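K.L.:
let me see the structure of the following:
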Amino acid sequence: MDTAALQSSWQIVAKSGDDVPLFFYSHLFLSHPELREMFPISMAAQRDKLVGALGRIVSEVDRLEEVAPFIQQLGREHRRFSVVAEHYGAVGASLLATLKHFLGPAWTPDLAADWSAAYGLIARTMVQAAEEAANTSPAWWSADVTAIERRTLDVSVLRLQPHERYDYRAGQSFAMEVPQRPRLWRYFSPANAPRRDGSIELHVQLVDGGQVSTSIVRSTKVGDTVRLGAPIGTALTLPNDIATDLLMVAGGTGLAPLRAVLEQVDRRWQVTGEAPRVHLFHGVRVSWSLYERELLTQLAHRPWFDYTEVVSDDPSFPGARGLVGAVAARSGDWRGRTALVCGSPAMVEHAVAKLTEAGVTREHIRFESFGAAGDANQSQQEPGRQGDGQ
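P.N.:
Okay, the predicted model is just below:
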């Protein structure tokens, strides 16, 4: 398999932009119309995910051992869309037809053979991962919405009660589908560590143009039943006995998974009297968006916890002002601490850069970056992953 030829040919195809996924899905739905119902009514967001996923896979196909977890995750995640092994043949045929269309004379028999072999390897890896996951867990879990609180103008707090046991770790995320937006899955992070009663708290921020966040904040009702995908992500998870002190930097509702980790640390402290030192910086644009101020202020009475509010767009705010990553970076010597960062992609990128400039080594900065993994019919950035651009 000529991986260099795969990568160079994909770069040529990708230059055609939105025309590539448009051709692919048109070919797929015309040749297999029965597959259309597996996708959301609006395909605008879905088209971007195909290009992102294919681009990453092809660019790393020569390092299969590194990209394999990504491909396996895609296979597991596709279970919730009722994708079965037979569907991969139809997708592969449409992919090859798309490549042939955009490459024209450059689509040689050798290149076609290489692409066919690469897709076969990827499809086999995805199918095997999906089959293995099916032996231990369902494709999704159902959960009832038991409470909704409109905390601010644009943030709602939901409480969910899964019908069956749902195991996850503080700091993880899962994709969720609401009945008002079928087949549109978005990622959210529980804002609490696992509880005995199984309930889950979510922080949902209204996003301009966001189909799912708008529906949740404005239309979701107590009694609605949602579907949850399997929990994923380990970058923000910590062992119960962690001894390293922590720096937490959150933008907007990126606070949610970090609040879950705080709950985990607090439980340990209440039982053992021991806990790492933790300093949380929570950044928002305006002060009334500090939707967890009361809880975090109370938690700051713990001997192990410090809390700093950061506001970027309100000059009247009496506390720390600016972008939360910059404020956190200049507020102390964080070398030796493990930094957990969560928010919008832009916020995370900025915060990581500022912490690195301040001397925090890159291996001590942790943030979740799913990219296109798990991005089947959902978006990891509506920002489905919590954040407000801080």
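
K.L.:
which helices and strands does the longest helix that the chain contains pack with?
P.N.:
Secondary structure of the chain per DSSP state H: the longest helix is helix 109-134. On a contact count with 3 or more C-beta pairs under 8 Å, 6 or more residues apart in numbering; DSSP states H and E, helix 109-134 meets helix 3-14, helix 64-77, helix 85-103. From N, CA and C alone the C-beta is placed, and that goes for glycine too.

K.L.:
which residues of this structure fall in strands?
P.N.:
Ranges of strands in the chain, per DSSP state E, are 141-150, 155-162, 174-177, 185-188, 200-205, 225-228, 246-251, 278-284, 305-311, 320-321, 338-342, 365-366, 378-379.

K.L.:
local confidence estimate at the residue lying farthest from the centre of the chain?
P.N.:
Largest separation from the mean C-alpha position in the chain: residue 105, at 39.0 Å (C-alpha atoms, centre = their mean). Turning to residue 105, the model gives it a pLDDT of 94.

K.L.:
who touches residue 275 in this structure?
P.N.:
Residue 275 makes contact with 265-266, 268-269, 302, 304, according to C-beta atoms under 8 Å, 6 or more residues apart in numbering.

K.L.:
now with 6 Å, please.
P.N.:
Contact analysis of residue 275 by C-beta atoms under 6 Å, 6 or more residues apart in numbering lists 265, 268-269, 304.

K.L.:
check the gap between it and residue 171 for me.
P.N.:
Going from residue 275 to residue 171 by C-beta to C-beta, to the nearest Å gives 16 Å.

K.L.:
dihedrals phi and psi, the nearest residue to residue 257 once chain neighbours are set aside?
P.N.:
Once flanking residues are discounted, residue 257 sits nearest to residue 189: 3.8 Å by C-beta to C-beta, 6 or more residues apart in numbering. Main-chain torsions, residue 189, degrees, to the nearest 10: phi -110, psi 130.

K.L.:
wait, what's in contact with residue 189?
P.N.:
173, 256-257.

K.L.:
could those residues go into a markdown table alongside neighbour count and distance to residue 70?
P.N.:
Below are the contacts of residue 189 laid out as a markdown table (neighbours: other C-beta atoms under 10 Å; distance: C-beta to C-beta, whole Å):
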| residue | neighbour count | distance to residue 70 |
| --- | --- | --- |
| 173 | 25 | 16 |
| 256 | 26 | 24 |
| 257 | 30 | 21 |
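
K.L.:
in helices only, show me those.
P.N.:
Taking DSSP H as the definition of helices, the contacts of residue 189 contribute 256-257.

K.L.:
which stretches of the stretch 201-350 of the chain have low pLDDT?
P.N.:
Applying pLDDT under 70 to the stretch 201-350 of the chain flags the ranges 209.

K.L.:
go again using 50 as the cut-off
P.N.:
Along the stretch 201-350 of the chain, no part satisfies pLDDT under 50.

K.L.:
tell me which stretches of it form helices.
P.N.:
211-219, 255-272, 293-299, 324-330, 345-357 (DSSP state H, counting those that start in this stretch).

K.L.:
for these, which one ends up most surrounded?
P.N.:
Highest mean neighbour count of the helices of the stretch 201-350 of the chain: helix 324-330, a mean of 24 (counted as mean count of other C-beta atoms under 10 Å).

K.L.:
show me the contact partners of it.
P.N.:
Taking C-beta under 6 Å, 6+ apart as the rule, helix 324-330 contacts 249, 251, 281, 283, 310, 320, 350-351, 354-355, 358, 390.

K.L.:
can you do 8 Å?
P.N.:
Identification of contacts with helix 324-330 by C-beta under 8 Å, 6+ apart yields 247, 249-251, 281-283, 308, 310, 312, 320-321, 334, 341, 343, 347, 350-355, 357-358, 360, 390.

K.L.:
the domain parsing of this protein - what is it?
P.N.:
Taking automatic domain parsing as the reference, the chain has its domains at 3-134, 141-233, 246-366.

K.L.:
would you turn those domains into TSV with distance to residue 239?
P.N.:
Shown next, in TSV, are the domains of the chain (distance: least, C-beta to C-beta, whole Å):
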stretch	distance to residue 239
domain 3-134	21
domain 141-233	10
domain 246-366	10
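
K.L.:
closest one to residue 240 among those domains?
P.N.:
Within the domains of the chain, the stretch nearest residue 240 is domain 246-366; the backing value is 5.7 Å (C-beta to C-beta).

K.L.:
measure that closest one end to end?
P.N.:
Domain 246-366 has an end-to-end distance of 11 Å (C-alpha to C-alpha, to the nearest Å).

K.L.:
next: stretch 153-166.
P.N.:
Stretch 153-166 end-to-end distance (C-alpha to C-alpha) = 30 Å.

K.L.:
got a list of contacts for it?
P.N.:
138, 141-151, 191, 197-206, 216-217, 220, 226, 228, 231, 253, 288-289, 291.

K.L.:
buried ones among those residues?
P.N.:
For the contacts of stretch 153-166, a burial check counting by 16 or more other C-beta atoms under 10 Å picks out 141, 143, 145, 148, 151, 191, 199-206, 216-217, 220, 226, 228, 231, 253, 289, 291.

K.L.:
my guess is residue 332 contacts residue 279, does it?
P.N.:
Yes - the criterion here is C-beta atoms under 8 Å, and residue 332 meets it with residue 279 at 7.2 Å.

K.L.:
comparing those two, which residue is more hemmed in?
P.N.:
Neighbour count, other C-beta atoms under 10 Å: between residue 332 and residue 279, residue 279 has more, with 20 against 13.

K.L.:
that one and residue 359, how far apart?
P.N.:
For residue 279, the distance to residue 359 (C-beta to C-beta) stands at 16 Å.

K.L.:
kindly report the same for residue 341.
P.N.:
From residue 341 across to residue 359, the span is 16 Å (C-beta to C-beta).
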